[in-house]
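A.B. asks: Need a 3D model of the sequence below.
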Amino acid sequence: MDSAPSAREVCELVEKRYLRRGLALAVTASIALAACTQTPATSPAPSASASTAPVARGAGGDLKILYWQAPTILNGHQSGGTKDSDASRVILEPLAAFDNSGAPIPRLAAEIPTVANGSVSADLTTVTWKLKTGVKYSDGSPFSADDVVFTYTYMCDEKTAATTFGACENVKSVTKKDANTVVVTYADANPFYLQWGTGTQGEILSSVAWKDCLAEKAKTCATDQKPIGTGPYKVREFKPGDTILLDMNENYREATKPFFKTVTWKGGGDATAAARAVFQTGDIDYGWNLQVEATVLRGMATSSTTGDLKSVYSNSIERLVLNRADPSASLGDKRSEPDTKHPYFSDKAVRRALAMATDRKTVAEQIYGNGLTGRTSCNAWNGGDAESKNTANLDVCKFDLAAANAELDKAGWVKGSDGVRAKGGVRLEMLYQTSVNPVRQKNQDINKANWEKIGFKVTLKSVDAGVFFTNTSPDGYAKFFADVEEFANSAGPPDIASFFNDWTCKQAVGKANNWNNNGNERYCNPDYDKIVDQLRKEADRTKANALAIQANDILVSDVVIIPLINRTSATSGVSKSMKNVELSGWDSEMWDIANWAK
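C.D. replies: Predicted coordinates:
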């Protein structure tokens, strides 16, 4: 059974630096908890939601899961979005997961490394992970330190173009000490030393199954379609963009788990249909990401006799992403490449005007139920002392059509007879894309109406989520052959530095990294990079929060993104017959699926 620390105390090393303050400060909570937890007791404690563990493996029949965004790959390191990373997580596991308080929970690790138990060096540069012994992959082959080292080699090679490459930042090496021990060494002191090998970015790969998938070969790796993992389930059949059929892993390390014999993971449809399947017909056990208009969702959930609505907040932000590169089709292979410049978003006045013409309050009230599934935000980072209060006074965070028009007038963008502004032969004609989703289409309608009042001509585009959240399709969010796109970030580890790293120069998405990086905006600002570099090394909580606020304020004031809504990180429907379903705002919704039961 997975073990967790049995006691928590703040140790001398960090007690002056970090103070646990609940979920709102999950970032610092995780650091403090991880650094200062006492060594686990000899007898392992049960994992977070295992209080009513199933008595027999496979006794529960078929678990029915519906993700209306259909998975297309089963390797989280090549994920095109949450749909892929969640699906892979029932098969592949990290060294540790994060529960909804931001606390680390052992998975393939035998215990959480801490300074107190001697597994973390006092200078926070070296982390020794002790691994569980006797763990096997679903094909019966043994798991060992070799697989952890291999995963580092795989994901931290730029040629692999892993979407999780950001977790490799500042990692100097991952080495094998013995068959059941690995050492992660950071180039500099790392306050969030659980950065590598954990959560959504930490799935450990079999060195045997993926041996032919290193570097450039990762792009065409067949193992990504039928992976071998240590998780509670194994793949029987996978139809990308449609269905995954899974069987229980007979070699899973906990003898009474998983409870369900099989899993039918259905992809496709839309959020409203998924909500009906949970709350009205009761056809499924788990319906993901119910981004349905709040009034409709509230009515379905409150009147349901078959399902319950489960949601948690963390740092998921629905945002508008402005392309800094030129998406013109005439550029051919240079289309939306980071070394090109957008025809009008290169002018800060245009970006500012667009932000001032964005009415997040109406969106929150009419679509997100003013708190049911989301609340207004003009910050990239939300929660705790790292959340900026400065943005409340920024003009780009206030809906003001008159100010937006004045901004464009002052910058020389003149309205033509058709109401569309132009300057130097460039017209403010915009393609605004997002995934197919009733909520997002209503967001688009509200934004389009306001933006056209200040002189933009807006064409809306909605793309099937299974296509949009890929790095391969010209209609996808990664290639970004549009001017503006809308999406929300997935749950991630409670690490502020890794979050802000997504907008550093090296993260700019393009052909060179197989469109697999996280910087969709193609933004590059050396001054911003310096702040993030300092943030990554700063161990003083107050100073780290100040740096995070600086980074946040640059993104907002420079209108790199236009934050819209701090969404619930998970908004899912769960059958009333289900037990032990604990969601986390800091990890995959599937982080604890081994403990699910009926």
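A.B. asks: Help me confirm that V135 comes into contact with L108.
C.D. replies: Yes: using Cβ atoms under 8 Å, V135 is in contact with L108, at 6.6 Å. From N, CA and C alone the C-beta is placed, and that goes for glycine too.
A.B. asks: Please say which of these two ends up with more neighbours.
C.D. replies: The residue with more neighbours, out of V135 and L108, is L108; 25 against 19, by other Cβ atoms under 10 Å.
A.B. asks: Which pLDDT does the model give that one?
C.D. replies: Looking at L108, its pLDDT is 99.
A.B. asks: Work out which residue lies at the spatial centre of the protein.
C.D. replies: Nearest to the geometric centre of the chain sits S490, at 2.5 Å (Cα atoms, centre = their mean).
A.B. asks: For the spatially closest residue to it that is not a sequence neighbour, give its distance to T264.
C.D. replies: Sequence neighbours aside, T82 is the residue nearest to S490 in space, at 4.2 Å (criterion: Cβ to Cβ, 6 or more residues apart in numbering). With distances taken as Cβ to Cβ, to the nearest Å, T82 is found 19 Å from T264.
A.B. asks: Give me the more crowded residue out of those two.
C.D. replies: Neighbour tally, T82 and T264, criterion other Cβ under 10 Å: the higher count belongs to T82, 26 against 16.
A.B. asks: just checking, the more buried one touches W68?
C.D. replies: No: with contact defined as Cβ under 8 Å, T82 does not count as touching W68 (11.6 Å).
A.B. asks: which residues of this protein score low on pLDDT?
C.D. replies: Applying pLDDT under 70 to the chain flags residues 1-55, 491.
A.B. asks: can you tell me which helix in it is longest?
C.D. replies: Secondary structure of the chain read by DSSP state H shows that its longest helix is helix 541-557.
A.B. asks: so after it, what's the next helix or strand?
C.D. replies: strand 561-575 (DSSP states H and E).
A.B. asks: That next one relative to helix 541-557, how many degrees between them?
C.D. replies: On the basis of axes from the mean of the first three to the mean of the last three Cα atoms, to 10 degrees, strand 561-575 is oriented at 110 degrees to helix 541-557.
A.B. asks: Which strands border strand 561-575, and is each parallel or antiparallel?
C.D. replies: strand 286-287 (antiparallel), strand 307-322 (antiparallel), strand 374-376 (antiparallel) (DSSP bridges).
A.B. asks: quick one, strands of the stretch 1-150 of the chain?
C.D. replies: In the stretch 1-150 of the chain, strands defined by DSSP state E, counting those that start in this stretch lie at 62-67, 96-98, 104-106, 126-130, listed in chain order.
A.B. asks: Can you tell me which of the ones you listed is most buried?
C.D. replies: strand 96-98 (a mean of 28; mean count of other Cβ atoms under 10 Å).
A.B. asks: Touching that strand from outside, list them.
C.D. replies: If you take Cβ atoms under 8 Å, 6 or more residues apart in numbering as the criterion, strand 96-98 is touched by 30, 104-109, 112, 194, 197-199, 202, 493-494, 584, 586-588, 591-592.
A.B. asks: switch to 7 Å and redo it
C.D. replies: Strand 96-98 is contacted by residues 30, 104-107, 109, 112, 194, 198-199, 493-494, 584, 586-587, 591 when judged by Cβ atoms under 7 Å, 6 or more residues apart in numbering.
A.B. asks: mind checking how far A222 is from W210?
C.D. replies: 10 Å.
A.B. asks: which one of the two has more residues nearby?
C.D. replies: Taking neighbours as other Cβ under 10 Å, A222 and W210 compare with W210 leading, 23 against 9.
A.B. asks: Can you tell me the closest non-neighbouring residue to that one?
C.D. replies: T223 (5.5 Å).
A.B. asks: can I assume that neighbour sits in a strand?
C.D. replies: No: using DSSP: H, G, I helix; E, B strand; the rest coil, the assignment for T223 is helix, not a strand.
A.B. asks: Report the distance from stretch 222-231 to the chain centre.
C.D. replies: Relative to its chain's centre, stretch 222-231 lies at 21 Å (Cα atoms, centre = their mean, to the nearest Å).
A.B. asks: Now do the end-to-end distance for that stretch.
C.D. replies: Chord length of stretch 222-231, first to last residue, is 19 Å (Cα to Cα, to the nearest Å).
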